[in-house]
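Visitor: fold the following.
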Amino acid sequence: MKAVRYRSVGVRILTAAVLIAALTGCASEQSAPPYYIPPPRPVQTYENVPARFPFDAHSAYVIEGRTGTILYESKAQDRMQPGSSAKLMTFYITLNAIKQNRISLDTNVVVGKEAADVAKDPTLSRMMLNLGQQVTVRQLLYGMMVHSGCDAAVALADLIGGNSDHFVVMMNDEAERIGMVNSHFAMPNGLPMPGEYVTAEDMALLGRTVANEFPEAVTFTSRTYYSFNGYNQQNTNPLLFMDARVNGLKTGHVDEAGFHLIASATTPGLEVISAVMGSPTMHDRAVNSENVLDWVFDMYTTVAPDWRASVPSSLPVRNGAAATVAIAPARAPLIVVRRNQQQPSLSVHANLDYGLAAPVSKGQRVGTLVISGVGRDQEIAIVTTEAVPAAPATVANLGRASADVR
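Guide: Model (predicted):
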């Protein structure tokens, strides 16, 4: 019955794909030959749950977004050209620039020559920018994330980096910082270049980083249509039109690598980031992504163990302006478990630093919450939720400090 269900999803997606005729990537997306038989693929799943569903993409990596738990992976470290999925890094850098108050959503951008030239290329997905036109960062983000505008990506790169070359350096610096150890970017819009590559694992990590650091990103990634310059453009992510769980993130396509989809999807018990890379056709990309999402949501959910008895609300601080500092887990203490199975008995304990001395910074790691009972132990950082400066130097304080030294 399960296999039949997944095939029916494929038929549903094919019908919708024909109706919406979504274009994704910087190159025009033409379907590959319809009869494609993929080679056997090595698959690993959380708790070794059998993965029985149709799937013919080159690689995939699926994680629970809040915990980072790997739910499904297949050839996830294989390098591939990113196509327009590279715009997800351009999106991330732009959101960071807004967060740092270097630009705002209302910042005006004058469209330069490179972006305008890209907009004239009918083989590319475009926002249809014109040379010298004034647009806002908000408009460019919609143009890039809804209809995958290659010209919008270049305009944002010009604004933030000065030009595309400088911006690419920023892209690779950010990739290294967040742990994308097997990726290298060469263009802000993902146009294929020698030495440009990503992996399914790295793109899922990038998708998770965007979702966790910028929850407001769904404003741009979930919008189904966006009108600009007289063109009503449709989101290139077909799952937005057929799966209410899905709220983004980015598609991509390049002839050399096939069709990609990095998706975020949410239910009350699970938040999922999936990267499905190298499907042979646009239709297959949608089917493969939906099949793996269906399987993940059918197989897994999360539980929240009782951790509060193991973690005090504060820790003592020596020589501080306050005697204690408030602490909490750095993320929600959740554990992925099998759905519809007897829930495991979980044990929780905390390793804490009781020797804190001021100054203490907000977000400083002061311990580890360890949850045991499912697979490997899960470790979650315990951090301060406020800062405690050093107490003003007084005779009494100096006396205590000298006593500490002795």
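Visitor: what are the ranges of the strands in the stretch 301-406 of the chain?
Guide: In the stretch 301-406 of the chain, the segments counted as strands under DSSP state E, counting those that start in this stretch are 314-316, 324-329, 335-338, 347-352, 365-372, 378-384.
Visitor: give me the secondary structure label for residue 208.
Guide: helix (DSSP: H, G, I helix; E, B strand; the rest coil).
Visitor: format the strands of the stretch 301-406 of the chain as TSV; extra columns: mean neighbour count, mean pLDDT and distance to residue 265.
Guide: C-beta here means a position set from N, CA and C on the backbone, and glycine is covered the same way. Listed next are the strands of the stretch 301-406 of the chain as TSV, based on neighbours: other C-beta atoms under 10 Å; pLDDT from 0 to 100; distance: least, C-beta to C-beta, whole Å:
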stretch	mean neighbour count	mean pLDDT	distance to residue 265
strand 314-316	17	97	37
strand 324-329	19	96	24
strand 335-338	21	91	15
strand 347-352	15	94	28
strand 365-372	18	94	25
strand 378-384	19	94	22
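Visitor: out of the ones you listed, which comes closest to residue 181?
Guide: strand 378-384 (20.6 Å; C-beta to C-beta).
Visitor: quick one: distance of that closest one to the chain centre.
Guide: Distance, stretch centre to chain centre, for strand 378-384: 21 Å (C-alpha atoms, centre = their mean, to the nearest Å).
Visitor: please renumber the chain so that the first residue is 71 from this point on.
Guide: With 71 as the first residue, the last one maps to strand 448-454.
Visitor: name the strands paired with it and say parallel or antiparallel.
Guide: Note on strand 448-454: by DSSP bridges, its sheet partners are strand 394-399 (antiparallel), strand 435-442 (antiparallel).
Visitor: ok, and what's touching the longest one?
Guide: Residues external to strand 435-442 that are found in contact with it (C-beta atoms under 8 Å, 6 or more residues apart in numbering): 375, 377, 380-381, 385, 395, 397, 399-400, 403, 405, 416-423, 426, 447-454.
Visitor: cool, and stretch 277-287?
Guide: For stretch 277-287, contacts defined as C-beta under 8 Å, 6+ apart pick out 133, 135-136, 138, 158, 161-162, 165, 169, 248, 318-320, 332-334, 341, 343, 345.
Visitor: which residues of the stretch 71-220 of the chain score low on pLDDT?
Guide: Within the stretch 71-220 of the chain, the segments meeting pLDDT under 70 span 71-111.
Visitor: before we move on, back to that, can you add distance to residue 273 and give the strands paired with strand 448-454 back as CSV?
Guide: Converted to CSV, the strands paired with strand 448-454 look like this (distance: least, C-beta to C-beta, whole Å):
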stretch, distance to residue 273
strand 394-399, 27
strand 435-442, 28
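Visitor: looking at the ones you listed, spot the one closest to residue 230.
Guide: Of all the strands paired with strand 448-454, strand 435-442 comes closest under C-beta to C-beta, at 30.8 Å.
Visitor: and the angle for the closest one with strand 417-422?
Guide: 160 degrees (axes from the mean of the first three to the mean of the last three C-alpha atoms, to 10 degrees).
Visitor: all helices of the chain, in order?
Guide: Secondary structure of the chain (DSSP state H): helices at 72-90, 157-169, 183-189, 207-216, 220-231, 234-248, 270-283, 288-291, 352-369, 465-475.
Visitor: which among the contacts of stretch 277-287 count as buried?
Guide: When these are checked for burial by 16 or more other C-beta atoms under 10 Å, the buried set is 133, 135-136, 158, 161-162, 165, 248, 318-320, 332-334, 341, 343, 345.
Visitor: which residues touch residue 226?
Guide: So residue 226 contacts 160, 164, 179, 207, 210, 211, 214, 258 (C-beta under 8 Å, 6+ apart).
Visitor: quick one: these as TSV, columns for neighbour count and distance to residue 306 too.
Guide: What follows is the contacts of residue 226, written out as TSV (neighbours: other C-beta atoms under 10 Å; distance: C-beta to C-beta, whole Å):
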residue	neighbour count	distance to residue 306
160	31	15
164	27	18
179	21	22
207	22	20
210	28	16
211	25	15
214	29	11
258	32	17
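Visitor: what is the nearest of those to residue 389?
Guide: Looking across the contacts of residue 226 and measuring by C-beta to C-beta, the closest to residue 389 is residue 164, at 42.3 Å.
Visitor: what's the nearest residue to the closest one if we skip its chain neighbours?
Guide: Spatial nearest neighbour of residue 164, excluding adjacent residues (C-beta to C-beta, 6 or more residues apart in numbering): residue 226 at 5.3 Å.
Visitor: and the residue nearest to residue 403 when sequence neighbours are not counted, how many neighbours?
Guide: In this structure, residue 403 finds its nearest non-sequential neighbour in residue 377, 4.7 Å apart by C-beta to C-beta, 6+ apart. By other C-beta atoms under 10 Å, 20 other residues sit near residue 377.
Visitor: show the pLDDT at residue 377.
Guide: For residue 377, the pLDDT comes out at 91.
Visitor: can you check residue 353 too?
Guide: 95.
Visitor: so it versus residue 155, what's the distance?
Guide: 18 Å (C-beta to C-beta, to the nearest Å).
Visitor: between the two, who's got more neighbours?
Guide: residue 155 (29 against 21).
Visitor: so who does that one touch?
Guide: 260, 268, 273, 320, 321, 322, 330, 332.
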